[in-house]
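**Q** here is a sequence with its predicted model. Questions after.
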Amino acid sequence: MKIGYACKTVGVSNTDMKSCTLKNASSERITEITKHNLHVLNNIIDYNINNNINLFRISSDLIPFGSSEINDVKWWEIFSKELSLIGDKIKSSNMRVSVHPGQYTVLNSNNNDVVRRAIDDLTYHTRILDSLGLNSQHKMILHIGGAYNNKKLAIERFIENYKKLEDNIKYRLVIENDDKIYNIEEVLDIGIKLDIPVIFDNLHHEINNVNNICSEKYWIEQCKSTWKKEDGNQKIHYSQQAENKRIGSHSDTIGIKDFMVFFNMLDRDDIDIMLEVKDKNLSCVKCINCTDFNIKIIALEKEWSKYKYNVLERSHSDYIKIRNLLKNKEDFNAVSFYTLLEKGLKSQGDIGSLVNGALHVWGYFKNKTSEKEKHNFFKYLENFQQQKSNINPVKNYLNKLAQKYNEDYLLKSYYFIM
DNA sequence: TGACGTCAAGATCCG
DNA sequence: CGGATCTTGACGTCA
């Protein structure tokens, strides 16, 4: 089983992709950004390897305007060396990657121009995986498209247009149920008819389902048979509804208790789970740790070192509870740890606890800083205490100091990003 | 015509 | 002038 995350990282340095607007998209600018983004992709792959993450979705933003006619840069030739080095890393680490054209890539449109652009976009995404030298287990996920007041015709159009696609596109293409139009039963019908693997998305299914008679497990098992040996293990998407947000919005983090219920329901090892969640790799590491039967306490201690000041500034009592939980090195439980962590991070920190957190972090510097820096810090802190500002200027200043004095422990923590 | 989703770029505001 | 905060962009469908 692999558990992965989509497109970008949270709290990892040098992993931000660049982009540009259409009016600035010269060949030079596109080449420059592509070079940067490939460097970033390489860093993300390194991060994944170092954190035992072996499922990842590559961002469609890798190449600016990758499927547009205005991009005339032959990036797959110019950067062939960089691409194959990244591809080699992916292969040698047994990582599985994917790409996912979004809701605006519509293969079944009744507008020929939209279909033409959709095919260009599929060609672009396929080229990413091809240029990395990856096999057919590395997939491209697509939704079926619109309904146009006649679903039957719209499905027929999808089928006809699919048949016209180049073989190297078909080689990777898989289809997924969406949250509004095509439910899992309809997507499965298409998948079976065309011999395309089907991705089950639990949240889309919750919102847009056939009926409540068949269980999630039933549909996941139905999808399983669409995955052939050369496609690799069945892949599914998992996400949770964000509280107090529009139906279908992804949660900020994966609630570990609900995830474990889902995981235990699957009761299988030959399945890969792509998480769709705002905190990306953070939830991914959480889920990996909680499903690892051989987890060592050092893995949780490492996690705690990154989150501790975020908890401290929100809730001192949760901070103490988690610290106590980790003191018992023989009998620890990853789910209990993350459940407490979620509770702590959900707490609303008051002025006192936020100040307490900032002072703890200040402790890293107090013997190194100049008088001026000390003065600046306490000025920011005083402004916050007197409600003249929020906590951000205080934390931003601490971040600056952390960078200046190269405090690796703080820079690797999530204190400055949450 | 706006909502939908995404998030960096670009624009503007603030001290 | 630098940093913080708000708006735009780029895509297609549907109400």
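**A** Thanks, I have it.

**Q** pull up the gap between A:Leu165 and A:Ile144, please.
**A** Using Cβ to Cβ, to the nearest Å, one gets 14 Å for the distance from A:Leu165 to A:Ile144. (Each C-beta comes from the backbone N, C-alpha and C, glycine too.)

**Q** quick one, which of the two is more surrounded?
**A** Higher neighbour count among A:Leu165 and A:Ile144: A:Ile144, with 24 against 16, using other Cβ atoms under 10 Å.

**Q** quick check, the more buried one in contact with A:Leu188.
**A** No. A:Ile144 is not in contact with A:Leu188 according to Cβ atoms under 8 Å; the separation is 11.3 Å.

**Q** give me the pLDDT for the residue of chain A most remote from its centre.
**A** Distance from the C-alpha centroid of chain A peaks at A:Glu371, with 42.2 Å (Cα atoms, centre = their mean). On pLDDT, A:Glu371 comes in at 87.

**Q** likewise for the one 4 residues further on?
**A** Per-residue confidence for A:His375 comes out at a pLDDT of 88.

**Q** which helices and strands does whichever strand or helix holds A:Glu77 pack with?
**A** Here A:Glu77 sits within helix A:75-78, counting by DSSP states H and E. Applying 3 or more Cβ pairs under 8 Å, 6 or more residues apart in numbering; DSSP states H and E, we find helix A:75-78 packed against helix A:27-50, helix A:112-131.

**Q** nearest to A:Gly349, out of those?
**A** helix A:27-50 (28.4 Å; Cβ to Cβ).

**Q** next SSE after the closest one?
**A** Counting by DSSP H and E, what follows helix A:27-50 is strand A:55-58.

**Q** partner strands of that next one, with direction?
**A** strand A:2-7 (parallel), strand A:96-98 (parallel) (DSSP bridges).

**Q** now do stretch A:194-202: everything it contacts.
**A** Applying Cβ atoms under 8 Å, 6 or more residues apart in numbering, the contact partners of stretch A:194-202 are A:139, A:141, A:159, A:162-163, A:170, A:173-179, A:184, A:187-188, A:190-191, A:216, A:219-220, A:223, A:226-228, A:231, A:234-239, A:262.

**Q** residues contacting the nearest residue to A:His125 once chain neighbours are set aside?
**A** Spatially, and ignoring its direct neighbours in sequence, A:His125 is nearest to A:Val99 (4.3 Å; Cβ to Cβ, 6 or more residues apart in numbering). Residues in contact with A:Val99 (Cβ under 8 Å, 6+ apart) are A:Arg57, A:Ile58, A:Ser60, A:His125, A:Ile128, A:Leu129, A:Lys139, A:Met140, A:Ile141.

**Q** quick check: A:Val99 vs A:Asp167, distance?
**A** Distance from A:Val99 to A:Asp167, by Cβ to Cβ: 17 Å.

**Q** so what pairs up with the residue lying closest to A:Glu206 once chain neighbours are set aside in the strands?
**A** Once flanking residues are discounted, A:Glu206 sits nearest to A:Gln241: 7.4 Å by Cβ to Cβ, 6+ apart. With DSSP bridges as the criterion, A:Gln241 is bridged to A:His250.

**Q** how about the helices of the stretch 201-350 of chain A, start to end?
**A** Remark: helices assigned in the stretch 201-350 of chain A by DSSP state H, counting those that start in this stretch are A:202-207, A:216-224, A:256-266, A:280-290, A:297-312, A:316-327, A:334-346.

**Q** list the buried residues in the helix or strand just after the helix holding A:Glu77.
**A** From helix A:75-78 onward toward the C-terminus, using DSSP H and E, the following helix or strand is helix A:80-92. Using 16 or more other Cβ atoms under 10 Å as the test for burial, helix A:80-92 gives A:Glu82, A:Leu83, A:Ile86, A:Gly87, A:Lys89, A:Ile90.

**Q** how about the residues of chain A by DNA strand B?
**A** Counting by Cβ under 7 Å from any atom of the strand, chain A comes close to DNA strand B at A:7-8, A:16-21, A:24, A:102-104, A:246, A:248-250, A:276, A:278.
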